[in-house]
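Chemist: next one to model:
(one chain, ligands or ions: 2)
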Amino acid sequence: MADALTLERSASAHTNAKMQVVNLVKRFENAATGQSMEALSDINLTVQKGEFLTIVGPSGCGKTTLLRILAGLIEPTSGQVLLDGVPITGPSPTLGFVFQSDNLMPWRTVWDNVGFGPEMRGERKKDYAPRIEHLLELVGLEGFAKYYPHQLSGGMRQRVNLARALAIEPDVLLMDEPFAALDAQMREIMQDELLRIWKETGNTVIFITHQIDEAIFLADRLLILAARPGRVQELMDIDLPRPRTLEIKRTPHFTEMADHVWHGIERQVRASIRHEQFASGAPKRSGAELAS
Ligand SMILES: Nc1ncnc2c1ncn2[C@@H]1O[C@H](COP(=O)(O)OP(=O)(O)O)[C@@H](O)[C@H]1O
Ligand SMILES: [Mg+2]
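Modeler: Ligands and ions are numbered 1, 2, ... in the order given. Just a heads-up that it's a prediction; the model follows:
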């Protein structure tokens, strides 16, 4: 049954735009050849306040580029990104990032890694310390505050990474394949935890993944990006009830949606494999990951 927060989220979903992408185009110029490549072509998208949007698409379709533009880390060639209705011109303190590989500082303890953002912002330690303690609890690492990254498993490091992104209390959490390096079981645990944290914090999440089941399990809406040039192929409502447990992945409706997404991108994934093989001169990978 839907709880109050879920109901409030779906009600506000129709009125509250958090991020808007308007006629976004990104071209990369190759200085050596003088050629230009269109990575993203006329993307239009509105992400609602409190929404969980996931993005899938074949390798090289521009997912990371889109996220970096949303983060204000790179500029679009044309078009705009609005955050709370205001055009973004650079990295915003209200946006948190989690990338595929953790960016933990090996010489800092877990506690000091999580506290890095507030420390850099000049907050007083006694003000942000309770927040760090709470976040360590939230990600299940309260007993590991004094550990160093090399003493932790991959899953634990990725949870520190998540806590670190949350420590700046972001309105929007941008995540680029954050669980890709984890094994299947750890990934499922992290998916579960991320939903729990999202519910507790109420922030907006934009989450890139190449795992179709992960994209469906987490999402309110799922965006399929098409490749060369990157463009919106389909935006799907994921109408699964919340809270979700992992068993939902085995229901017929879930499987139908996963088949639908796979059929939507299979041809492109196969084309991108050929493209990569052509570009590198050797076979690099199979489409199995996206098929799973
Ligand atoms: N800094 C860059 N300079 C030139 N080309 C780039 C740059 N970043 C990405 N690209 C190209 O843009 C396309 C999209 O890349 P990317 O956003 O990383 O795709 P994805 O994350 O979906 O795999 C690719 O063809 C990639 O080679
Ligand atoms: Mg990428």
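Chemist: ok, the residue of the chain at minimum distance from ligand 2 to ligand 1 distance?
Modeler: Taking Cβ to the ion as the measure, the point where the chain comes nearest ligand 2 is Thr64, at 3.2 Å. Every C-beta, even on glycine, is put in place using the N, C-alpha and C of the backbone. As for Thr64, its distance to ligand 1 is 3 Å (criterion: Cβ to the nearest ligand atom, to the nearest Å).
Chemist: burial measure for that residue, as a count.
Modeler: Taking other Cβ atoms under 10 Å as the criterion, the count of residues near Thr64 is 16.
Chemist: can I assume it is in contact with Asp176?
Modeler: Yes: judged on Cβ atoms under 8 Å, Thr64 makes contact with Asp176 at a distance of 5.6 Å.
Chemist: joint contacts of these two?
Modeler: Contact criterion Cβ atoms under 8 Å, 6 or more residues apart in numbering; residues bridging Thr64 and Asp176 by contacting each: Ile208.
Chemist: that older thread, which element is the residue of the chain closest to ligand 2 on?
Modeler: Assignment of secondary structure by DSSP states H and E places Thr64 within helix 63-70.
Chemist: quick check: mean pLDDT across that helix?
Modeler: Computed over helix 63-70, the mean pLDDT rounds to 96.
Chemist: make 30 the starting number, not 1.
Modeler: In the new numbering, first residue 30, that becomes helix 92-99.
Chemist: how about that helix as CSV, C-alpha atoms only?
Modeler: Written as CSV, here are the backbone C-alpha positions of helix 92-99 (Å, rounded to 0.1, in the frame of the first residue of the first chain):
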residue,chain,number,x,y,z
LYS,A,92,24.5,9.2,-20.6
THR,A,93,27.6,10.4,-18.8
THR,A,94,27.8,13.5,-21.0
LEU,A,95,24.1,14.3,-20.1
LEU,A,96,24.8,13.8,-16.4
ARG,A,97,27.9,16.0,-16.5
ILE,A,98,25.9,18.8,-18.1
LEU,A,99,23.2,18.4,-15.5
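Chemist: what sits closest to Gly125 if chain neighbours are left out?
Modeler: Excluding the flanking residues, the one nearest Gly125 by Cβ to Cβ, 6 or more residues apart in numbering is Pro199, at 3.2 Å.
Chemist: quick one: that neighbour and Ser121, what's the gap?
Modeler: Between Pro199 and Ser121 the distance is 9 Å, computed by Cβ to Cβ, to the nearest Å.
Chemist: for the two, indicate the residue with more neighbours.
Modeler: When neighbours are counted by other Cβ under 10 Å, Pro199 and Ser121 differ, and Pro199 comes out ahead with 20 against 17.
Chemist: contacting residues for that one?
Modeler: Neighbouring residues of Pro199 by Cβ under 8 Å, 6+ apart: 123-125, 232.
Chemist: so it, which state does it fall into?
Modeler: Here Pro199 is coil, with the state taken from DSSP: H, G, I helix; E, B strand; the rest coil.
Chemist: what's the answer for Val76, then?
Modeler: Three-state call for Val76 (three-state DSSP): strand.
Chemist: same check on Glu104?
Modeler: When the structure is reduced to helix, strand and coil (three-state DSSP), Glu104 reads as coil.
Chemist: okay, now it: neighbour count?
Modeler: Using other Cβ under 10 Å, the number of residues around Glu104 comes to 13.
Chemist: pretty sure it sits against Arg97.
Modeler: No: here Glu104 lies out of contact with Arg97, judged by Cβ under 8 Å, at a distance of 9.8 Å.
Chemist: low pLDDT regions in this protein?
Modeler: Segments of the chain classed as low confidence (criterion: pLDDT under 70) are 30-44, 305-321.
Chemist: chain center to stretch 197-208: distance?
Modeler: A distance of 6 Å separates the centroid of the chain from that of stretch 197-208, by Cα atoms, centre = their mean, to the nearest Å.
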